[in-house]
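>>> I would like to see how this sequence folds:
(chains A and B, ligands or ions: 1)
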Amino acid sequence: MEELHRLGLIRGELLFLDSMLHMYPPLLEATLTAALEHHDGQSGRLVLVYGDCSARMLDLVRRFRVGRVNVINCAQLLVGRDRYRLLMREGAFLVLPEWARRWEHLMSSELGLTRGVARELMGENRVVLVYLDTGLVPAPEQELAEFSSYTGLPWRVEAVTLDSMLAALLEAEAGARIEPDGQEMR
Amino acid sequence: MNIADFSDQLLTAMINADRAGAADIIECAVAAGVDPPRVIAHILDPAIVSLGRLWEGEAISLAQGFVASKIAEDALLRCLPVGGVHQHTKGAVVIGNIEDDFHSLGRRTVGLFLTAAGWDVYDLGNDVPAEQFLKKALEVNACVIGASAMMQTTALNIRRLRRLIDARGLRDRIKLAVGGAVFNWRPELVAEVGGDGTAHNAVGADQLFIRLQSQVKREVAQ
Ligand code: B12
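So this is what the prediction gives:
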């Protein structure tokens, strides 16, 4: 999003919340609601760049009459609905840059998985690790190789453009309550 | 050891993510003369219900949840009649995760429980479009379609299946069961997506499907 902003393809201010809130859905909901309350009534359109990350995401959209990208998660935002479906059917476990760097901490501390359980869980549900490479940061090949040996799954890098994301953002903006300036929230 | 003790032990094994220990407990119960249907009804079911409560209270981790569902699957496979085939089935039902949803664990557990309870289960897997559900239901003459959705947006995809069933005039012939975590948290969603009923967990699915089947029979008879 920062890149799209830098290129002038999206306008407005980018606001970010901690991505780790995803591990604590009630806290994510509370933080997001507070942020929306804070901006409610201010001029401008507000766009939520969130997937179906909590069970009340659509309620927030209705309540604050904001726009929201019509995607399930950030991976679908990047690759688009059709490609996402194919990747899921292939049994891909999608890895994004921020996640790749912290995979070990996330698997053990956040998800409570031991190596054995992680292998079993991944092996039964997934077939391949696919890193989505926007080209904006170098692909963390070493971490991917380590994550691959930890899970027992092969890995590959798939290049993605920012086109799907841009289209989703613009569509969401068009769906937001119309008022002067522009703002985006992530 | 009485049957409730076996169930308590099994719950402990589930919480400890001890798959091998759980398998031993089931073997012990069978060796002690508890027949497989009673293992499911009196040992496995109560353990899963307790586990579900812990899960809803977020007292267990993803890892524990995963191993527990594996344990349930192991136990069911161990206790199902050979080949899983009943001589007199309760009838055919179709289940699957609705379009865009890939949360397979819950749906698979529901499928196993329904099979164990004597239904002919056609499991269409993940990401199933409305048309495919209905096509299969008509092909196998199913009285209930069970659609699983774990998320709010995917739950809303079930509305298309509802509309399709209604548009084909099949409302009285095919009932729509819905389920998944999001329905447990937001019961009002069942009506919003046009579901004819839901069950909190796999243990309740059999009763729900029996109830829906009886509605079909009543409505078709009228
Ligand atoms: C495991 C899990 C996953 C696994 C799924 C693995 C697999 N192969 O199934 C993975 C990691 C792939 C996953 C992915 C995602 N997930 Co997820 N996931 C979960 C989690 C932690 C547990 C679900 C589970 O398996 N439970 C165990 C089973 C046994 O229970 P159950 O599914 O509830 O099923 C029981 C009942 O509901 C009922 N039931 C289920 N279906 C049916 C159907 C009928 C007809 C009936 C009668 C009953 C019934 O019986 C079942 C057995 O007892 C839940 C959190 C939660 N508390 O539920 C989040 C959760 C569902 N996921 C969530 C999210 C956001 C996602 C992702 C979008 C995350 C992301 N950023 O990518 C993706 C989406 C993938 C997709 N396109 O579907 C959110 C959804 C929030 C919302 N909008 O409502 C949840 C609620 C977590 C949260 N943030 O709160 N997830």
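>>> phi, psi for the residue most central in space within chain A please.
Central residue of chain A (CA atoms, centre = their mean): A:C74, 2.5 Å from the mean position. Here is the backbone geometry of A:C74 (degrees, to the nearest 10): phi -70, psi -30.
>>> same question, A:E158
Main-chain torsions, A:E158, degrees, to the nearest 10: phi -120, psi 120.
>>> so what's the closest residue to it other than its chain neighbours up against?
Residue nearest to A:E158 in three dimensions, not counting chain neighbours: A:V130, with 5.3 Å by CB to CB, 6 or more residues apart in numbering or on different chains. For every residue, glycine as well, the C-beta is placed using N, CA and C. With contact set as CB atoms under 8 Å, 6 or more residues apart in numbering or on different chains, A:V130 has these partners: A:L87, A:A92, A:F93, A:L94, A:V95, A:W155, A:R156, A:V157, A:E158.
>>> highest neighbour count among these?
Most neighbours among the contacts of A:V130, by other CB atoms under 10 Å in any protein chain shown: A:V95, with 24 neighbours.
>>> name the SS class of the closest residue to that residue other than its chain neighbours, please.
Leaving aside its sequence neighbours, A:V95 sits nearest to A:Y131 (CB to CB, 6+ apart; 4.7 Å). Following DSSP: H, G, I helix; E, B strand; the rest coil, we place A:Y131 in the strand state.
>>> thought A:L96 was touching the residue nearest to the centre of chain A, still the case?
Yes: using CB atoms under 8 Å, A:C74 makes contact with A:L96 at a distance of 6.4 Å.
>>> tell me how far the longest helix belonging to chain B lies from the chain's centre.
Longest helix of chain B, by residue count under DSSP state H: helix B:202-221. Helix B:202-221 has its C-alpha centroid displaced from the chain centroid by 14 Å (CA atoms, centre = their mean, to the nearest Å).
>>> quick one: list the elements packing against that helix.
Secondary-structure packing of helix B:202-221 (3 or more CB pairs under 8 Å, 6 or more residues apart in numbering or on different chains; DSSP states H and E): helix B:45-56, helix B:104-116, strand B:144-148, strand B:175-179, strand B:197-198.
>>> is it possible to export the ones you listed to a markdown table including distance to the ligand, mean neighbour count and mean pLDDT?
Shown next, in a markdown table, are the helices and strands packed on helix B:202-221 (distance: least, CB to the nearest ligand atom, whole Å; neighbours: other CB atoms under 10 Å in any protein chain shown; pLDDT from 0 to 100):
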| stretch | distance to the ligand | mean neighbour count | mean pLDDT |
| --- | --- | --- | --- |
| helix B:45-56 | 6 | 19 | 82 |
| helix B:104-116 | 2 | 23 | 88 |
| strand B:144-148 | 3 | 29 | 98 |
| strand B:175-179 | 2 | 26 | 98 |
| strand B:197-198 | 6 | 20 | 98 |
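>>> flag the shaky bits of chain A, pLDDT-wise.
Applying pLDDT under 70 to chain A flags residues A:177-186.
>>> can you give me the helices for chain A?
With DSSP H as the criterion, chain A has helices spanning A:2-6, A:25-39, A:57-64, A:74-79, A:81-90, A:97-101, A:103-105, A:115-125, A:141-151, A:163-175.
>>> tell me which of those helices sits most buried.
Ranked by mean neighbour count, the helices of chain A are led by helix A:74-79 with a mean of 23 (mean count of other CB atoms under 10 Å in any protein chain shown).
>>> just to revisit the earlier point, so what touches the longest helix of chain B?
Residues outside helix B:202-221 that contact it (CB under 8 Å, 6+ apart): B:45, B:48-49, B:72, B:90-91, B:93, B:106, B:109-110, B:112-114, B:117, B:119, B:143-144, B:146, B:172-175, B:177, B:179, B:196-199.
>>> same thing but at 7 Å, please
Outside helix B:202-221, the residues that touch it by CB atoms under 7 Å, 6 or more residues apart in numbering or on different chains are B:45, B:48-49, B:91, B:93, B:109-110, B:113-114, B:117, B:119, B:143-144, B:172-173, B:175, B:177, B:196-197, B:199.
>>> quick one on the thing from earlier: hang on, isn't the residue nearest to A:V95 packed against A:L94?
No: the criterion here is CB atoms under 7 Å, and A:Y131 misses it with A:L94 at 8.1 Å.
>>> could I get the helices and strands packed on helix B:202-221 as CSV with distance to chain A?
Putting the helices and strands packed on helix B:202-221 into CSV (distance: least, CB to the nearest CB, whole Å) gives the following:
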stretch, distance to chain A
helix B:45-56, 12
helix B:104-116, 7
strand B:144-148, 15
strand B:175-179, 14
strand B:197-198, 15
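>>> distance to B:I25 added to these, as JSON lines?
What follows is the helices and strands packed on helix B:202-221, written out as JSON lines (distance: least, CB to CB, whole Å):
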{"stretch": "helix B:45-56", "distance to B:I25": "10"}
{"stretch": "helix B:104-116", "distance to B:I25": "18"}
{"stretch": "strand B:144-148", "distance to B:I25": "28"}
{"stretch": "strand B:175-179", "distance to B:I25": "28"}
{"stretch": "strand B:197-198", "distance to B:I25": "30"}
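>>> just the terminal-to-terminal distance for stretch B:161-179.
Distance across stretch B:161-179, first residue to last, is 14 Å (CA to CA, to the nearest Å).
>>> and the contacts of that stretch?
If you take CB under 7 Å, 6+ apart as the criterion, stretch B:161-179 is touched by B:110, B:130-131, B:133-134, B:137, B:142-149, B:158, B:190, B:193-199, B:208-209, B:212, B:215-216, B:219-220.
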